[in-house]
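Visitor: Return a 3D structure for these sequence lines:
(chains A and B)
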Protein chains: 2
Amino acid sequence: MKRLALRGLTGRCRILIGESARNLAAYAPKNRTLVVTDRKVYGLYRSLLRGWDVHVLDRGEKTKTLATVERLQRALLRKGYDRGATLVALGGGVVCDIAGFAASTYMRGIRFGFVPTTLLAQVDAAIGGKNGVNLDRFKNVIGLFSQPDFVITDPGFLATLPAREVRNGLAEVVKSAAIADVKLFHFLEENADRALALDLKILGRLIERAAGIKVRLVARDERERGARALLNFGHTLGHAVEKTTGLSHGAAVSIGMAAAARLSAAWGLLQVREARRLVGLLDRLGLPTRAPEDKRRILAAIDKDKKKDARLVRFILLRGIGSAVIRPVRLDGLKEILNDLC
Amino acid sequence: MKRLALRGLTGRCRILIGESARNLAAYAPKNRTLVVTDRKVYGLYRSLLRGWDVHVLDRGEKTKTLATVERLQRALLRKGYDRGATLVALGGGVVCDIAGFAASTYMRGIRFGFVPTTLLAQVDAAIGGKNGVNLDRFKNVIGLFSQPDFVITDPGFLATLPAREVRNGLAEVVKSAAIADVKLFHFLEENADRALALDLKILGRLIERAAGIKVRLVARDERERGARALLNFGHTLGHAVEKTTGLSHGAAVSIGMAAAARLSAAWGLLQVREARRLVGLLDRLGLPTRAPEDKRRILAAIDKDKKKDARLVRFILLRGIGSAVIRPVRLDGLKEILNDLC
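Guide: Numbers count the residues shown, from 1 in each chain, chains lettered A, B, ... in the order given. This next block holds a predicted model:
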């Protein structure tokens, strides 16, 4: 087991990579813990949850609402959980986001932990203390920064993960490598096929490295006023693609990363062959690298992205594989250029 | 103007006692600020709000719901407010509680400030960074700790305050004096009539002293793991009275303080004449000191108070005027004794 520690404003988070979910009771007292999960995970891992008090959510992004949070908090209240309770999320990013927000605002904050079951959540969503829900069609606009007490990252869950979900997670690993770790990028190039074939040894190493990158960036800048924003590489455009096309998060971010790499090359920041290398790796991982349809709608959606500050967008560009920079870019100019690049 | 500063985990709060609300623009940029208020305050102070973008809430405790928070956040979103926006609450404790929570969870936290318009909010509710809403019939169970950037305490608002609201605020001043400041208690005894007659000079001094006590206790213990709990003197029982009888917060807390003082005396902690001195001051301020009706319902409601930790209640007792202690008390024993004392 590999342990990482992340000290945030709201407390210290232990990330336990390679720990078994069967040891959950060592981290959360069974008699004072409510486990939140979704229907699918509950169906697959019911035996793991024997003896635990469980609250089951509907699946998917549409569940990420304040109404869902309120139902969960009402359940906590009716079941008599007080300030000494622990809330545990067992599931993907959606379950973690909802549970983290509900716990952080129940009685002004109770203890909580995550047991991420998807690759995406293990390498990205469960780490860093961002939580929250959507409002209308705007992603994650209601939420806060609050560190979980623990994250149990059990690669065993990946055995039941659909191929699409594996690719989703790998997109975020590519992102981490592209912004901060050229060796990890090379390792991914060498082992793309084994990763896609769910080789748990390879996936374990990818999780460890990608989680480590995220922990370092968040530790430097929990509130995303600087360095943490590098983790948004591919996400400004990615969120817009996700919203307008309904593509999965990983696929949308892949398109966003490819466009940002082309833009970096067009502006002379990144060598053209490095941009091609990124696009090539995404291709090999079965991830899309061009926007599928009506680009005007996608570009219009950037306007509403919560990361914009007035008319400037903090855009993440590459100056090499493993090295990223933040550039404030005027929204109008960006839209014009991106039309050709995505 | 008297300035107090409170450094919390989420930032530094400036409390400006005696500042005029007309100077709001010096603290919040007019073009990037949404002011939240309620119908009554809006009716009284519309001229003050000329040129400001305003969001008007319904009045009263029943407005304190997640649904209200969501409507406010939707308004922020639709009006295009981003992370650089400021939210200002102009109103009493309810408006501050809602706005503070909405701002702290909008885009993971935007800047916010309070302009409290009631005595209760000026001496208590607007200070300390607790915010939140009710769920079903449970008070303040959804919320968090988050410091406002500024609190503008303008005693001029008190000129339009109904007598009932003045007494409400004075109950919290009595509380502050009883737990931490015997001189303030004496000053109140000397000036009770002038305070009730809205003598702004007297009220200004009361606000300054009571706000100072709260700032000191919160600075020592923002998350209420110790000393801050002293501010709950009279509130464990008070919340139960408020919920079951519909009495105002100040009146309910007054009954709670009187009972806690009698309990302190019954347990030999407080001299009987000191307990009578507290009850006497509350009487003079026109505040009730006995529970009005069915005590069983009131005592049952303590069970649901969010401050209980399992079966123990952290009860605040007095060992002298100006000196309070926290005692963990078994819920069963407490209920038996209180039946005779409240």
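
Visitor: domain parsing for chain A?
Guide: A:2-160, A:166-341 (automatic domain parsing).

Visitor: for chain B, what are the nearby residues on the stretch 101-250 of chain A?
Guide: Residues of the stretch 101-250 of chain A found near chain B (CB under 8 Å from any CB of the partner chain) are A:101, A:104-109, A:130, A:132, A:135-136, A:138, A:141-145, A:223. Bear in mind the C-beta positions are built from the backbone N, C-alpha and C, glycine included.

Visitor: centroid residue for chain A?
Guide: residue A:125 (3.0 Å; CA atoms, centre = their mean).

Visitor: Do I have it right that it meets residue A:119?
Guide: No: under the criterion of CB atoms under 8 Å, residue A:125 is not in contact with residue A:119, lying 10.1 Å apart.

Visitor: Please name the nearest non-neighbouring residue to residue A:322.
Guide: Nearest residue to residue A:322 in three dimensions, chain neighbours excluded: residue A:182, at 3.2 Å (CB to CB, 6 or more residues apart in numbering or on different chains).

Visitor: show me what contacts the one you found?
Guide: Going by CB atoms under 8 Å, 6 or more residues apart in numbering or on different chains, residue A:182 touches A:320, A:321, A:322, A:323.

Visitor: Counting neighbours, which of those end up buried?
Guide: By neighbour count, with 16 or more other CB atoms under 10 Å in any protein chain shown, those hold A:321, A:322, A:323 as buried.

Visitor: Give me the subset of these that lies in strands.
Guide: residue A:323 (DSSP state E).

Visitor: I'd like the buried ones among the contacts of residue A:182 as a markdown table, with pLDDT appended.
Guide: Converted to a markdown table, the buried ones among the contacts of residue A:182 look like this (pLDDT from 0 to 100):
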| residue | pLDDT |
| --- | --- |
| A:321 | 97 |
| A:322 | 97 |
| A:323 | 97 |
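
Visitor: Which member of the buried ones among the contacts of residue A:182 is positioned nearest residue A:79?
Guide: residue A:322 (47.9 Å; CB to CB).

Visitor: measure that closest one to chain B for me?
Guide: 28 Å (CB to the nearest CB, to the nearest Å).

Visitor: ok, now residue A:204?
Guide: 31 Å.

Visitor: repeat for residue A:264
Guide: The value you get for residue A:264 to chain B, if CB to the nearest CB is used, is 25 Å.

Visitor: That residue: which element?
Guide: helix A:249-266 (DSSP states H and E).

Visitor: Put the alpha carbons of the helix or strand following that helix into PDB.
Guide: Using DSSP H and E, the helix or strand that follows helix A:249-266 towards the C-terminus is helix A:272-284. Provided in PDB are the C-alpha atoms of helix A:272-284 (Å, rounded to 0.1, in the frame of the first residue of the first chain):
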ATOM      1  CA  VAL A 272       4.200  20.500 -33.500                       C
ATOM      2  CA  ARG A 273       5.600  17.000 -33.100                       C
ATOM      3  CA  GLU A 274       4.900  17.200 -29.400                       C
ATOM      4  CA  ALA A 275       1.300  18.200 -30.000                       C
ATOM      5  CA  ARG A 276       1.000  15.200 -32.400                       C
ATOM      6  CA  ARG A 277       2.500  13.000 -29.800                       C
ATOM      7  CA  LEU A 278      -0.300  13.900 -27.400                       C
ATOM      8  CA  VAL A 279      -3.000  13.500 -30.000                       C
ATOM      9  CA  GLY A 280      -1.400  10.200 -31.000                       C
ATOM     10  CA  LEU A 281      -1.600   8.800 -27.400                       C
ATOM     11  CA  LEU A 282      -5.200   9.900 -27.000                       C
ATOM     12  CA  ASP A 283      -6.000   8.100 -30.300                       C
ATOM     13  CA  ARG A 284      -4.300   4.900 -29.100                       C
END
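
Visitor: quick one: average confidence on helix A:272-284?
Guide: In this model, helix A:272-284 carries a mean pLDDT of 97.

Visitor: That helix packs against which elements?
Guide: helix A:163-180, helix A:182-196, helix A:249-266, strand A:312-320 (3 or more CB pairs under 8 Å, 6 or more residues apart in numbering or on different chains; DSSP states H and E).

Visitor: Redo those as JSON lines? Include mean pLDDT.
Guide: Below are the helices and strands packed on helix A:272-284 laid out as JSON lines (pLDDT from 0 to 100):
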{"stretch": "helix A:163-180", "mean pLDDT": "97"}
{"stretch": "helix A:182-196", "mean pLDDT": "97"}
{"stretch": "helix A:249-266", "mean pLDDT": "94"}
{"stretch": "strand A:312-320", "mean pLDDT": "91"}
